[in-house]
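**Student:** Next input, structure requested:
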Amino acid sequence: MYARGMDLECFYAMRQGEATQIDGLPARLSVVPLGELRVPSGLLEASDPFMALGDGPVFELEPGSYQTFVTVADISPEQDGSHTREAYLSLIVAEGIVATVEAASSVRGAPARDEYWGVGVDTGTVAFSDHEAVQRCMPLETPDAPWYQTVFGHEGPDSWFALMDSPEHIRAGVANIVMPLATDGENIVLSHSGWGDGFYPVLVAKDSAGKILAFHIDLLVVGEPVEEDEEDIPLVDGSLLKDDGSVEAPPDHASIGGATLGAESADEGTAWDGDVPDAGPYIADRQQGVKDAGAWQLEGSGGPVDEGISAFGFGEEQAPPKKVGFFARLLGFFRRN
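**Tutor:** Numbers count the residues shown, from 1 in each chain. All right, here's what the predicted structure looks like:
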């Protein structure tokens, strides 16, 4: 199973003070209250609200209202507040002493070993909301009246983008917003997502009796430093991301995820014609092959490959494979470049 957070000493949600980033650098944490989230249906949805609101994975809890928080990491060299990143979006279910942290089970079941339910992000934002409230309390979206124009990005001060950017609402980068057609305060809490776009796991904290105490979206900023993978990571152009962050030029016949560009894969039986979306780099998992890699989508890319859509939480929900060391090395690479 995904190991980040299993060591409670290195699981930092709702903690303040010193912490360690996943690349080993220091950070300092603070916790910002976002207010209550109403979940009258007992169906908690985690989503990228600007891309997949209403379509994210759903988790069961008792109907009610719950306090929400964002754990913020100051990662500036001097820890002077000049560079902060949201590290966890959390919903507190009950008071108690945390004994374990593990992958959350959605209404569709528990994730398989080494997999988990999570949020695929393409707009640098994650959110918690009541799944049924989204269906009832958001206006009808049509080609002539998309939510982007009518709710998210209109000119008014109550647009979701404006509230997310406002330091007066709560703080810049987070928001607690009542849905447009709410009749009983149905709302949504939003946060910027760590380093931006990617795939972020939903975890649950439990007490020693197995009672759920909290849901957390881990934004992969802080945690147990991840050991580097021994394997080089193939990039979409056939070049290799090395352990030290350097990039090795592609060989004559570049292979990605066990599939040779323009040829059949010898070890996975997966063929790929080498036609790469022009959106940006994709990373394929060697163990899964190109087609089901759930390829990491990096900031600025235009969308996952078709076969990876469900792995990002869009369309049919599936628990995507996740290699954590993989992400940590990518993070280090893009910081340095």
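
**Student:** Contacts for the one helix or strand Leu190 maps to, please.
**Tutor:** Per DSSP states H and E, Leu190 falls inside strand 187-192. Outside strand 187-192, the residues that touch it by CB atoms under 8 Å, 6 or more residues apart in numbering are 34-38, 49, 53, 68, 70, 85-86, 89, 91, 124-129, 134, 160, 164, 173-179, 219. From N, CA and C alone the C-beta is placed, and that goes for glycine too.

**Student:** give me that answer again for 6 Å
**Tutor:** 34, 37-38, 49, 68, 70, 86, 89, 124-129, 173-178 (CB atoms under 6 Å, 6 or more residues apart in numbering).

**Student:** quick one: which of those residues sit in helices?
**Tutor:** Among the contacts of strand 187-192, the members found in helices (DSSP state H) are Pro49.

**Student:** Buried subset of the contacts of strand 187-192 as a PyMOL selection?
**Tutor:** Buried subset of the contacts of strand 187-192, written as a PyMOL selection, criterion 16 or more other CB atoms under 10 Å:
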select buried, resi 34+37+38+49+68+70+86+89+124+125+126+127+128+129+173+174+175+176+177
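
**Student:** Next, the buried residues of the strand holding Leu190.
**Tutor:** Of the residues in strand 187-192, those buried (16+ other CB under 10 Å) are Asn187, Ile188, Val189, Leu190, Ser191, His192.

**Student:** What pairs with the helix or strand just after that strand, parallel or antiparallel?
**Tutor:** Per DSSP H and E, the first helix or strand lying C-terminal to strand 187-192 is strand 198-206. Strand pairing for strand 198-206, using DSSP bridges, gives strand 100-103 (antiparallel), strand 118-121 (antiparallel), strand 212-218 (antiparallel).

**Student:** what sits up against strand 198-206?
**Tutor:** 5, 46, 98, 100-101, 104, 116-121, 212-219.

**Student:** and which of the buried residues of strand 187-192 is nearest to Gln16?
**Tutor:** Ser191 (17.0 Å; CB to CB).

**Student:** Check what pLDDT the closest one gets.
**Tutor:** In this model, Ser191 is scored at 98, pLDDT.

**Student:** and Leu44, helix, strand or coil?
**Tutor:** strand (DSSP: H, G, I helix; E, B strand; the rest coil).

**Student:** With adjacent residues omitted, what lies nearest to Val204?
**Tutor:** Leaving aside its sequence neighbours, Val204 sits nearest to Ala104 (CB to CB, 6 or more residues apart in numbering; 4.5 Å).

**Student:** Tell me who's in contact with that neighbour.
**Tutor:** Phe59, Trp117, Val202, Leu203, Val204.

**Student:** Low-confidence bits of this structure, can you list those?
**Tutor:** Low-confidence segments of the chain (pLDDT under 70): 1-6, 226-246, 251-337.

**Student:** So what are the structural domains in it, by residue number?
**Tutor:** 8-218, 233-336 (automatic domain parsing).
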